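Visitor: structure of the sequence below:
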Amino acid sequence: MQFKTLGRSDLAVTDICLGTMTWGSQNDEAEGHAQIAMARDAGINFMDTAEMYAVPASPGTSGRTETIIGNWFAAHGDRDKWVLATKMAGGGNAHIRNGAVPDRHSVREALEASLKRLRTDHVDLYQIHWASRGHYNFENYWTFAPHGQETARALDNIAEVLAALGDLVREGKIRHIGLSNETTWGLTQWLRLAEQNGLPRIVSIQNEYSLLRRIFDHDLAELSHHEQVGLLAYSPLAAGLLTGKYFDDATPRGSRREYQKGFWRLNAHSDRATRDYHALAARHGLDPVQMAIAFCRSRPFMASTIIGATSTTQLRQVLGAADLELSPEVLADIDAIHRANPRPI
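Guide: Below you'll find the predicted structure:
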């Protein structure tokens, strides 16, 4: 397992991170704990969760994943062996603080609740789950309209939340801070305001990245390089789409499409691109799932690739990518498919 340092911090994390968002909905506690054990035995030291999990978020599921992780720590006493990341919701979910966006008071409220569920006195990386002003992530890619944003209001909110996070870092309850589902402009403002006010610096950004979604390749990649803010890639398999399980409009039992009664990533464009990547993997004698993970790990801006599974069988397959390095020929073929299918989801 390779290790990367997050930003300008002292956090050394494995370049594969254990994702947890289905624990408490599609997975029960025993299954979640089995995945933690398997990841630990594979050498992974990095685990990511959120106050909103398990998904789909609801009053009955949000917070369950953190509780499952906390129960593991209580039973095994190995909190110090893990770099633990969690996230505060960015607003809009009525069952989480009435849908309000983060502010100075709710940052503390959210963190304290997470610490209680996680049974720990600190988190190593605390992230804002999505930009409260609006963003192009999730299903917003084709409808994003930043012209309606109020610049002063957005900056005031960033400054307020950053100041609150600074208080919690000084108290030792947070070691470092990060963002999720952010844009180039947003990340730039967080960095600028931190420098101007002597506040904690962003060390990572957690955005979706896969063979099917490569928005990060351009402006965010440049900013990541110059400012040393690495990407934590979520959905490197496009939420399971890249496995091929949805070919021919299939809905496998236990899949996200069945569980959530829909799957927005699946369309004619993404299906075509996925088939092309599967054909490429077959030509080169590769497992398409492991190829997709290895591609993410190969990117120069990648700090860690977050892998999630709904079974230990799936997790074992994904972990097989830990030592896979793609040849120049495979990478060239991937680029050719990407050029032909640049925006499939």
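Visitor: quick check: which element contains the closest residue to Ala159 other than its chain neighbours?
Guide: Once flanking residues are discounted, Ala159 sits nearest to Leu193: 5.3 Å by CB to CB, 6 or more residues apart in numbering. The C-beta positions use only the backbone N, C-alpha and C, and glycine is treated the same way. In this structure, Leu193 sits in helix 184-197 according to DSSP states H and E.
Visitor: buried sites along that helix?
Guide: Thr184, Trp185, Gly186, Leu187, Gln189, Trp190, Leu191, Leu193, Ala194 (16 or more other CB atoms under 10 Å).
Visitor: for Asn93, see how far away the most far-flung residue of the chain relative to its centre is.
Guide: Centroid-distance maximum for the chain: Arg283 at 30.3 Å, with CA atoms, centre = their mean. According to CB to CB, to the nearest Å, Arg283 and Asn93 sit 44 Å apart.
Visitor: and for Asp28?
Guide: Remark: distance between Asp28 and Asn93 (CB to CB) = 23 Å.
Visitor: more neighbours: which of the two?
Guide: Using other CB atoms under 10 Å as the criterion, Asp28 and Asn93 rank with Asn93 on top: 18 against 13.
Visitor: how about the contacts made by the more buried one?
Guide: The contact partners of Asn93, taken as CB atoms under 8 Å, 6 or more residues apart in numbering, are Met52, Ala57, Ser62, Gly99.
Visitor: in three-state terms, label it for me.
Guide: Assigned by DSSP: H, G, I helix; E, B strand; the rest coil, the conformation of Asn93 is coil.
Visitor: pLDDT score assigned to it?
Guide: pLDDT recorded at Asn93 is 94.
Visitor: look up how far Phe46 lies from it.
Guide: Asn93 is 26 Å from Phe46, by CB to CB.
Visitor: tell me where the stretch 201-345 of the chain has helices.
Guide: With helices called from DSSP state H, counting those that start in this stretch, the stretch 201-345 of the chain shows them at 219-227, 256-260, 268-283, 288-298, 312-319, 328-340.
Visitor: just send those back as a markdown table, with distance to Trp72 too.
Guide: Listed next are these as a markdown table, based on distance: least, CB to CB, whole Å:
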| stretch | distance to Trp72 |
| --- | --- |
| helix 219-227 | 32 |
| helix 256-260 | 23 |
| helix 268-283 | 34 |
| helix 288-298 | 24 |
| helix 312-319 | 15 |
| helix 328-340 | 36 |
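Visitor: and those, which one is worst for confidence?
Guide: helix 256-260 (a mean of 83).
Visitor: buried set for that one?
Guide: So, applying 16+ other CB under 10 Å, buried residues of helix 256-260: Arg256, Arg257, Tyr259.
Visitor: can you tell me the distance between the two ends of stretch 205-215?
Guide: 13 Å (CA to CA, to the nearest Å).
Visitor: now do it: distance to the chain's middle.
Guide: Distance, stretch centre to chain centre, for stretch 205-215: 9 Å (CA atoms, centre = their mean, to the nearest Å).
Visitor: next: stretch 43-51.
Guide: Using CA atoms, centre = their mean, the offset of stretch 43-51 from its chain centre is 10 Å.
Visitor: can you report how many residues lie near Gly70?
Guide: Count around Gly70 with other CB under 10 Å applied: 19.
Visitor: host element of it?
Guide: If you go by DSSP H and E, Gly70 is part of helix 64-76.
Visitor: what are the C-alpha coordinates of that helix, in PDB please?
Guide: Extracted in PDB, the C-alpha atoms of helix 64-76 (Å, rounded to 0.1, in the frame of the first residue of the first chain):
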ATOM      1  CA  ARG A  64     -25.800   5.200  11.700                       C
ATOM      2  CA  THR A  65     -22.500   4.800   9.800                       C
ATOM      3  CA  GLU A  66     -20.600   6.900  12.400                       C
ATOM      4  CA  THR A  67     -22.200   4.800  15.200                       C
ATOM      5  CA  ILE A  68     -21.100   1.600  13.500                       C
ATOM      6  CA  ILE A  69     -17.500   2.900  13.200                       C
ATOM      7  CA  GLY A  70     -17.600   4.100  16.800                       C
ATOM      8  CA  ASN A  71     -18.700   0.700  18.000                       C
ATOM      9  CA  TRP A  72     -15.800  -0.800  16.100                       C
ATOM     10  CA  PHE A  73     -13.300   1.500  17.900                       C
ATOM     11  CA  ALA A  74     -15.000   0.700  21.300                       C
ATOM     12  CA  ALA A  75     -14.700  -3.000  20.700                       C
ATOM     13  CA  HIS A  76     -11.200  -3.100  19.200                       C
END
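Visitor: that one - contacts with which helices or strands?
Guide: Secondary-structure packing of helix 64-76 (3 or more CB pairs under 8 Å, 6 or more residues apart in numbering; DSSP states H and E): helix 29-41, helix 104-118.
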